[in-house]
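Engineer: A predicted structure for the sequence below; I have some questions about it.
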2 protein chains.
Amino acid sequence: MNFTIQNVLIATFDDYAIVDVQVVDGAIAAIAPSLEVIGTAINGENKLLLPGFFNAHTHSSEMWQRGIIPPLPLELWLAQLYDFAPLDTEKVYLSALGTAVETLLCGGTSVVDHLILIPGKELETIATAVRAYKEVGIRAFVSPLIQDESLTAGIPSGETEQNHEPYFRSTKATLELIEEAVKQFHRPDEGVSLLVAPTGIQLCSDALFQGCIELSNKYNLCRHSHLLETKAQEKLAQEKYGCTAVEHLKRIGYLGDRTTLAHCIHLTDNDITILAETQSTVVHNPLSNLRLGSGIAPILKYRQAGVNVSFGCDGASSNDSQDLLETIKIGSILHNVTDLDYQHWMTPRQAVEMASLGGAKGLNMANELGSLTVGKKADLVTYDLTSLSLLPRTDPIGLLILGRPTHAVESVWVNGKQIVADGKVTTINVDELRQQLFHHSQWDTKRKSGTVAQIEAHYRSIMGL
Amino acid sequence: MNFTIQNVLIATFDDYAIVDVQVVDGAIAAIAPSLEVIGTAINGENKLLLPGFFNAHTHSSEMWQRGIIPPLPLELWLAQLYDFAPLDTEKVYLSALGTAVETLLCGGTSVVDHLILIPGKELETIATAVRAYKEVGIRAFVSPLIQDESLTAGIPSGETEQNHEPYFRSTKATLELIEEAVKQFHRPDEGVSLLVAPTGIQLCSDALFQGCIELSNKYNLCRHSHLLETKAQEKLAQEKYGCTAVEHLKRIGYLGDRTTLAHCIHLTDNDITILAETQSTVVHNPLSNLRLGSGIAPILKYRQAGVNVSFGCDGASSNDSQDLLETIKIGSILHNVTDLDYQHWMTPRQAVEMASLGGAKGLNMANELGSLTVGKKADLVTYDLTSLSLLPRTDPIGLLILGRPTHAVESVWVNGKQIVADGKVTTINVDELRQQLFHHSQWDTKRKSGTVAQIEAHYRSIMGL
């Protein structure tokens, strides 16, 4: 459907302008004042129009455990997460819907779902998430989370001999599975892309990374991974490779301009240079990094070094929401305490660019997405500037990024198709979703993780606690 | 009005229970399952009942500048704030209403407004804020912000000779003004208390502090102040007193069990011991501290030392919202990166206690407010556990504190009077407020602060930038 948004506020280089925006065949056709109306006329008065943001790293099915995992560092948190991970695809479906809805209602039009696969139902898990995202209409980058080592291998051995059980599925079988998924579901033109997405050096062999590189080259797939989220991973990389994880990933060829790396907290200056040289993208997950005590990623250094940075909510068990605006706010202001010179601090406008164009760059789509540019796809969001949370009128982007907007998203279009109107998702029944989430869950405040009990003493010893 | 909430979820020592709660004459009369209905019966099914939270430090009129002040440290930010501070009481009225509404809709039933006074209209400013809070019905602790030194005196001199203009009002006149305000407006039984509230050691003489101590003793008033928010203030205290600010405040007798101190970032271990010994309360303003790059307050140390801690949003120009739930979330998880041992990290239940009982303690009202206890005043909040943002069902308090609740507050009572129902404030017309905020403001994205331009070079030099 073609349409023209009239008299809408947009950001210019260093100010704002009121313009009309024509959208034809899913793309931005013109941006200028007083344009001819093509298609439906949409009143943009007192609305701010921005390119859609990218939720550039999450795990949708973690929604089932949000709010429940106690304060624990990643390695123990992960043990508890997997002890209680949902095992039926109906839950995968509902949490993918929920993740999409929450992302849309805070200005996100794209989601990178580092999707946890149900053992034995891997393709079905992927099919289910793809179905959910297509129903909602959000642009989806489905990134099946794979590994070929068992969970305990992710904790450094220290001076002890550790024997880890072999992972239940072979590296070869895992790669075949991903190739099959790519054949079945990788449809960028329909708004669903698949990524290769080994979980990270802590649980993946070189053979798995190399197989992913081959698939990435063969099918032109973007690459995703966690990277150096914790001090334990920093130690582990030295144990496994005798060098940093970044140096190792460079050596095996995983880095590049279509590689996005979630977290990136414990990097050396040389590692940062490598990310810049390889044009890799950092996905900043500030809330998860605080919640798990992982650390503060050196985002100001990345920006100074020319490393592309985007934002992710991370899974809802370590955040514990999917509100991209909260992530962008905290991911902007958090770094002010890491550098005394305020001239290095991030501005709200820079944060908007990171959340939009930064996300597009990491997914190799900067020519098609991430800014209000004629010819780009119409992934667009309008914000209601008469919302109480965006008043009084001062600076619209300042209010949006530094404030706490509620009810602020008014309309969302993905590929020119409207999927949010008047602040409500129009493609699925959200009230029905809410009821389903209620009925598929129960208050569960006394559970204990057996795996945490098994591994905690070793973890504390290795970390010097 | 008496009422009985039936079948509502409350937190017990380490679990939850479903109970009835009777409220008679503004106080909690009974809490137990299956009580007789006294007064109106209220359905509490699928709702969580908590004591109201305290927004224990804010500056309401900063709402007029939220979203607009660029990334600057406190001393320069303050210069810009005062260059554009509102000068008419109509704006003071609207922003006090806005602050009250936003506080209520995120679970706050009390607000400590460190109120910026319009020069020459001081009593009128106080009267206006009191009127607004009474209209909304929120419990208000109005703390007129006073100083007796001019703004530039708040920046250390370093090795330069600094001549600061005298402040426009004498210390004596300021103290007389506060005494007059106390006589006119201090009505704890009607839900409005006045506090003595010198802005802090950076802009106040000992004579002003001592005058405030006398008023506090004479009229039984609580005491409030900013404390050691920035490194510049840490330096300044050494310049002014040759000791830390905490040591000085102890010496002059300002600390005590009804003294709340906002920020408390740059304290020594000995300072922390002093706060514990004097039973002073720290008000934690994590978002403002990040936004202004002030630092991360050592909250885990305070808790370990037995210092009472509560939460504040701080003014909306340095946050830039008044969402107490956001403040509590970030103020809980932020500290996980300051201590590797997760056994020291704050739990969501501890955060709830800090936000409720911690706030009450600091205001010398722990016997009357801050917990669900028979005999205490009925400052109560129910949260809708069927809200999408609190689903799926896991742990209610975990979802509320670690998630990002939206539309979650269902009802609010202050002193047993209902002032929020079905998620909407019932005492004032919020839609009318929204329109007034819109019409009293305009987009203003190009303004420059003359004072910042004057003092920036000195600031950078003193701070070694």
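Structural biologist: Right, received. Where do you want to start?
Engineer: pLDDT score for residue A:263?
Structural biologist: Looking at residue A:263, its pLDDT is 98.
Engineer: burial of it, as a residue count?
Structural biologist: By the criterion of other CB atoms under 10 Å in any protein chain shown, residue A:263 has 29 neighbours. Bear in mind the C-beta positions are built from the backbone N, C-alpha and C, glycine included.
Engineer: same thing with residue A:313?
Structural biologist: Using other CB under 10 Å, residue A:313 has 32 neighbouring residues.
Engineer: my guess is it meets residue A:320, correct?
Structural biologist: No. Contact criterion CB atoms under 8 Å: residue A:313 and residue A:320 do not qualify, at 9.7 Å.
Engineer: any idea which element the residue nearest to residue A:11 when sequence neighbours are not counted lies in?
Structural biologist: Take residue A:11 and drop its neighbours on the chain: the residue closest to it by CB to CB, 6 or more residues apart in numbering or on different chains is residue A:397, 6.1 Å away. For residue A:397, the host element (DSSP states H and E) is helix A:396-402.
Engineer: chain neighbours aside, what residue packs nearest to residue A:196?
Structural biologist: That would be residue A:212: by CB to CB, 6+ apart, it lies 3.8 Å from residue A:196.
Engineer: list the contacts for residue A:319?
Structural biologist: Contacts for residue A:319 were tallied using CB atoms under 8 Å, 6 or more residues apart in numbering or on different chains; they are A:66, A:285, A:287, A:288, A:291, A:313, A:327, B:402, B:403.
Engineer: now, the most widely separated pair of these?
Structural biologist: Spatially, the most separated pair among the contacts of residue A:319 is A:285 and B:403, at 15.7 Å (CB to CB).
Engineer: the residue nearest to residue A:11: neighbour count?
Structural biologist: The number of residues packed near residue A:397 is 20, by other CB under 10 Å.
Engineer: tabulate the contacts of residue A:319 in TSV, adding columns for secondary structure.
Structural biologist: Listed next are the contacts of residue A:319 as TSV, based on DSSP: H, G, I helix; E, B strand; the rest coil:
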residue	secondary structure
A:66	coil
A:285	coil
A:287	helix
A:288	helix
A:291	helix
A:313	coil
A:327	helix
B:402	helix
B:403	coil
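Engineer: and which of those is nearest to residue A:414?
Structural biologist: Taking CB to CB as the measure, residue A:414 lies nearest residue A:313 of these, at 17.9 Å.
Engineer: what about the strands in the stretch 101-250 of chain A?
Structural biologist: Listed in chain order, the strands of the stretch 101-250 of chain A (DSSP state E, counting those that start in this stretch) span A:108-116, A:139-145, A:192-194, A:223-227.
Engineer: how about the stretch 251-400 of chain A?
Structural biologist: Assigned by DSSP E, counting those that start in this stretch, the strands in the stretch 251-400 of chain A fall at A:259-263, A:281-284, A:308-311, A:380-384.
Engineer: what strands flank the second one, and is each parallel or antiparallel?
Structural biologist: It refers to strand A:281-284. Sheet pairing of strand A:281-284 (DSSP bridges) gives strand A:259-263 (parallel), strand A:308-311 (parallel).
Engineer: how does chain A divide into domains?
Structural biologist: Here the domain parsing of chain A from automatic domain parsing is A:3-50+A:372-425, A:52-362.
Engineer: highest average neighbour count across these?
Structural biologist: Comparing the domains of chain A by mean neighbour count (mean count of other CB atoms under 10 Å in any protein chain shown), domain A:52-362 comes out on top with a mean of 22.
Engineer: show me where pLDDT drops low in the stretch 301-450 of chain A?
Structural biologist: Of all residues in the stretch 301-450 of chain A, none has pLDDT under 70.
Engineer: if we use 90, what do you get?
Structural biologist: Residues of the stretch 301-450 of chain A that meet the criterion pLDDT under 90 lie in A:407, A:444-446.
Engineer: the helices in it, which residues?
Structural biologist: Per DSSP state H, counting those that start in this stretch, the stretch 301-450 of chain A carries helices over the ranges A:324-333, A:348-353, A:359-362, A:396-402, A:430-439, A:450-462.
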